[in-house]
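S.K.: Kindly generate the corresponding structure for this input.
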Amino acid sequence: MKMHGFLCFSFSRIFSRKGSRSSSSNNSSDAKSRMSNSDQDSQVKSGGTDASARHRFDEQGRRYHNRPDAAYMLPNDDEEIDRVHMQHWVIKIAFQGNFHAPVEQQLEDGIVVLDGGCGPGTWSLEMAENFPRSKFYGVDISGVFPSEIKPANCDFQVHNVSQPLPFAPSYFDYVFQRMLVLGIMREEWDTVLSNYMEVLKPGGWLELTEVNIPDSVNAGPKLTILMETLGEVAAQKGLQPGVSSELGKKLKKAGAINIHCRRIEVPMHHDGKLGSLLWEDFVTAFRGLIKPFVTKKHPELEDDAVYLKFVEDAGKECEEYQNYIIFYRAFGQKPTTST
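M.R.: Next up is the predicted model:
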């Protein structure tokens, strides 16, 4: 596995910042600092436009999208970028690779690839280094990807994948998307896949990877409360938390053929580093995003310290019950013109 420059820095930064992610964010000076840094970062990436018009901040200083076409539930600040970088390694290790569509030889020879909803671009950056003859394009609703420190064969631009893509029809040989279960509205999934199929060449491959929410394997009572609440919040916002098990059906509806689906179970908070990293991935949502909804049903958890202890105990419960989180990966091929 090659991991140079930007990727090495990003992965090491995850662990250097881990302590700050695990601690409470009630310190007002820390919150103000994050707000100031996020505003400044946003202005650099967007040419100096007013960041306050495009973002909102919660009481802990976490930055979120503030645009009507952005369904993404989670923050889009530096802390979230670190989480998504970490999530990349979780998924790669769990699936034993960055992709499963039969495109490796094509990537070696040189093809054009789209990374939809790329976030900070971790997947594209690594793939661009591993396959220097191929060209990688990443699009995301937020410009949190690198603009300068990146491989020459990798480019990014801000775009919402639920809108028609800014590329010519039949432009890409391979389209990849993952972990947008909390970023695509229920009624937009078919549109998003249709957009991908439009820019995919006949014979090209479309690959999707998603986590299952709220169901998992061997969930204890505390984790069940947290996962079910996360699913309920997502559904209330118009998202489709259970979409992962339907990826194959959605690819078929979009017109894909030769569809393959894979289901895996990944340990949460046990079985070594992978389980620990997966817990860190989920705990961001557990600690902040869903707290008001959990405490509405369970007012005894209203106090911050009590709630954080509940989340911590849910993690210990994962180890006790040997909990596993379910992921799905599916890929399919666009028919050739002669099909």
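
S.K.: which residues of the stretch 101-250 of the chain fall in strands?
M.R.: With DSSP state E, counting those that start in this stretch, the ranges of strands along the stretch 101-250 of the chain come out as 112-116, 135-140, 154-158, 172-178, 200-217.

S.K.: which stretch among those strands comes nearest Gly248?
M.R.: strand 200-217 (9.2 Å; C-beta to C-beta). (C-beta placed from N, C-alpha, C; glycine too.)

S.K.: For that closest one, buried residues please.
M.R.: Within strand 200-217, the residues scored as buried using 16 or more other C-beta atoms under 10 Å are 200-201, 204-216.

S.K.: Wait, Met227 touches Asn212, no?
M.R.: No. Counting by C-beta atoms under 8 Å, Met227 sits too far from Asn212 to count as a contact (9.5 Å).

S.K.: isn't Ile325 right up against Pro214?
M.R.: No. Judged on C-beta under 8 Å, Ile325 makes no contact with Pro214 at a distance of 10.4 Å.

S.K.: Switch the strands of the stretch 101-250 of the chain over to TSV; also include distance to Ile184 and mean pLDDT.
M.R.: Formatted as TSV, the strands of the stretch 101-250 of the chain follow (distance: least, C-beta to C-beta, whole Å; pLDDT from 0 to 100):
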stretch	distance to Ile184	mean pLDDT
strand 112-116	10	98
strand 135-140	12	97
strand 154-158	17	96
strand 172-178	9	98
strand 200-217	10	98
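
S.K.: would JSON lines of those strands with distance to Arg186 be doable?
M.R.: Putting the strands of the stretch 101-250 of the chain into JSON lines (distance: least, C-beta to C-beta, whole Å) gives the following:
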{"stretch": "strand 112-116", "distance to Arg186": "18"}
{"stretch": "strand 135-140", "distance to Arg186": "20"}
{"stretch": "strand 154-158", "distance to Arg186": "24"}
{"stretch": "strand 172-178", "distance to Arg186": "16"}
{"stretch": "strand 200-217", "distance to Arg186": "13"}
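
S.K.: which one of those strands lies closest to Val90?
M.R.: strand 200-217 (9.9 Å).

S.K.: Now do the closest one against strand 112-116, angle only.
M.R.: For strand 200-217 against strand 112-116, the angle by axes from the mean of the first three to the mean of the last three C-alpha atoms, to 10 degrees is 40 degrees.
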